[in-house]
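Trainee: build me a model:
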Amino acid sequence: MQTVPFGKTGFNVSRLGIGLSEIGSQLSVSDQDQANDMINTALDNGINFLDTSACYGISELLIGRGVPERRDEYFLATKAGHVALGAEGDEWTYKVVSESIDRSLRLLQTDHVDLVQLHSCDVDVLEKGDVIRALQDAQEAGKTRFIGYSGDNEAAHWAVDSGLFATLQTSYNLVEQRARTTGLIEKATAQGMGTIIKRPIAGGVWGKSRPEAGIDDAGRYNTPYLLRAKEIRSLGPIENEPDDGILTALGFTLGDPNANVAIVGTTNPKHMATNIKQIENDLPIPESVINELKTRFEQLDKDWAQRT
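Mentor: Residues are numbered from 1 along each chain as shown. Below is the predicted model of the structure:
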């Protein structure tokens, strides 16, 4: 799989990464073999970026018990800030963030990770500085090689403008383009930050938005995406658009040179293998399709802020 430089970190990351939220929320400890299959499928096919979080259920536990013999084959990123299981009190304090990092290391069965990210805190929290100091102290102690910010909108711009973080993780896809239209990911790239794209396929809503699909509900989180997709499609057919909606979505996101790695989550190793095959065999999609999707978003975007 193609790799690209990950900002100024010195790492080259695969264009596709594996997001491990789903294994943490949908699997149990008895499903360790399935989790291992997911990780092995990814690594065997050239994926070298794994993204998890302290608040992703048992994700860190499954990773830590997974394939320790392959630890040197991937870049391991986690997140801190949201109160994890067993933590108490305000989630955005120096103490809670520091304890979250230590808990993650115990569950992941490692003495350090490659990246710890603040997980979607607001500007007022960032401005206070305590949680940033917690990450910086963890980095100085050798618990993480790099520190980053994961989030959207005003807070993401604050994080980039601060110059304090090595990486930015933010939402970007064909129905959520504010990271592009506000200059967020371009600015991050210009500053040498590694860029991680979450929700790159928008919950699979592009294929579901075709009139013949007859789908009006994509779940609590993705239905707003579905409504956006339907509105974009209402402007008429897009010439040379691929038949596969997932391919179109991945092609759009990975067609942006300011997107280093796009993380896709699933509990099904076969779905992961399909995504990998699409990237290796079917990308890029036509530039005209990407440009038309950009034009339509800009035409229709009135209040389509990034969804955290």
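
Trainee: partner strands of the strand or helix carrying residue 50 and their direction?
Mentor: Element membership for residue 50, per DSSP states H and E: strand 49-51. Using DSSP bridges, strand 49-51 pairs in its sheet with strand 16-19 (parallel), strand 75-80 (parallel).

Trainee: okay, and residue 54 sits in which element?
Mentor: Remark: residue 54 resides in no helix or strand, with elements defined by DSSP H and E.

Trainee: please report how far the closest residue to residue 142 other than its chain neighbours lies from residue 193.
Mentor: Sequence neighbours aside, residue 112 is the residue nearest to residue 142 in space, at 5.7 Å (criterion: CB to CB, 6 or more residues apart in numbering). Using the backbone N, CA and C atoms, a C-beta is placed for each residue, glycine as well. Using CB to CB, to the nearest Å, residue 112 is found at 21 Å from residue 193.

Trainee: same check on residue 98?
Mentor: Per CB to CB, residue 98 is found 23 Å from residue 193.

Trainee: between those two, who's got more neighbours?
Mentor: Between residue 98 and residue 193, residue 193 has the larger neighbour count (other CB atoms under 10 Å), namely 25 against 20.

Trainee: show me what contacts the more buried one?
Mentor: Contact partners of residue 193, counting by CB atoms under 8 Å, 6 or more residues apart in numbering, are 7-8, 148, 160, 165-168.

Trainee: output the strands paired with strand 49-51 in JSON lines, with mean pLDDT appended to each entry.
Mentor: Output for those, formatted as JSON lines (pLDDT from 0 to 100):
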{"stretch": "strand 16-19", "mean pLDDT": "95"}
{"stretch": "strand 75-80", "mean pLDDT": "96"}
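
Trainee: out of those strands, which is closest to residue 249?
Mentor: When these are compared by CB to CB, strand 16-19 sits nearest residue 249, at 12.4 Å.

Trainee: need the residues that contact that closest one.
Mentor: Contact with strand 16-19 is made by 1, 38-39, 42, 47, 49-52, 196, 198, 250, 254, 261-265, 272, 275-276, 279, as judged by CB under 8 Å, 6+ apart.

Trainee: shaky segments in the stretch 101-250 of the chain?
Mentor: With pLDDT under 70 as the threshold, the stretch 101-250 of the chain has no low-confidence stretch at all.

Trainee: how about the helices in it?
Mentor: Under the criterion DSSP state H, counting those that start in this stretch, the stretch 101-250 of the chain contains helices at 123-128, 130-140, 153-162, 178-181, 184-190, 205-208, 223-233, 245-254.

Trainee: and the first one, which residues are buried?
Mentor: Of the residues in helix 123-128, 125-126 count as buried by neighbour count, 16 or more other CB atoms under 10 Å.

Trainee: ok, residue 12 touching residue 1?
Mentor: No. Counting by CB atoms under 8 Å, residue 12 stays clear of residue 1, with 10.8 Å between them.

Trainee: just the buried members of the contacts of residue 193?
Mentor: Buried, going by 16+ other CB under 10 Å: 7, 148, 160, 165-168, out of the contacts of residue 193.

Trainee: pLDDT score for residue 296?
Mentor: Here the pLDDT value assigned to residue 296 is 98.

Trainee: now do the one 10 residues further on
Mentor: What the model reports as pLDDT for residue 306 is 89.

Trainee: what bridges to the residue most central in space within the chain?
Mentor: The residue lying closest to the centre of the chain (CA atoms, centre = their mean) is residue 198, at 2.7 Å. Beta-bridge pairing of residue 198 under DSSP bridges involves residue 171.

Trainee: so how far is residue 261 from it?
Mentor: According to CB to CB, residue 198 and residue 261 sit 10 Å apart.

Trainee: try residue 92
Mentor: Per CB to CB, residue 92 is found 26 Å from residue 261.

Trainee: so between those two, which is more surrounded?
Mentor: More neighbours surround residue 261 than the other of residue 92 and residue 261, with 27 against 21 (other CB under 10 Å).

Trainee: doesn't residue 146 make contact with the residue nearest to residue 142?
Mentor: No. Using CB under 8 Å, residue 112 makes no contact with residue 146, being 10.6 Å away.

Trainee: more crowded one of these two?
Mentor: residue 146 (23 against 16).

Trainee: wait, what's in contact with the residue nearest to the more buried one when sequence neighbours are not counted?
Mentor: Closest residue in space to residue 146, ignoring its immediate chain neighbours: residue 166 at 4.1 Å, by CB to CB, 6+ apart. Neighbouring residues of residue 166 by CB under 8 Å, 6+ apart: 7-9, 115, 146-148, 193-194.

Trainee: neighbours of residue 25, how many?
Mentor: Close neighbours of residue 25, defined as other CB under 10 Å, add up to 14.

Trainee: mind listing what's buried along the helix or strand containing it?
Mentor: Using DSSP H and E, residue 25 sits within helix 21-26. Judged by neighbour count using 16+ other CB under 10 Å, the buried positions of helix 21-26 are 21-24.
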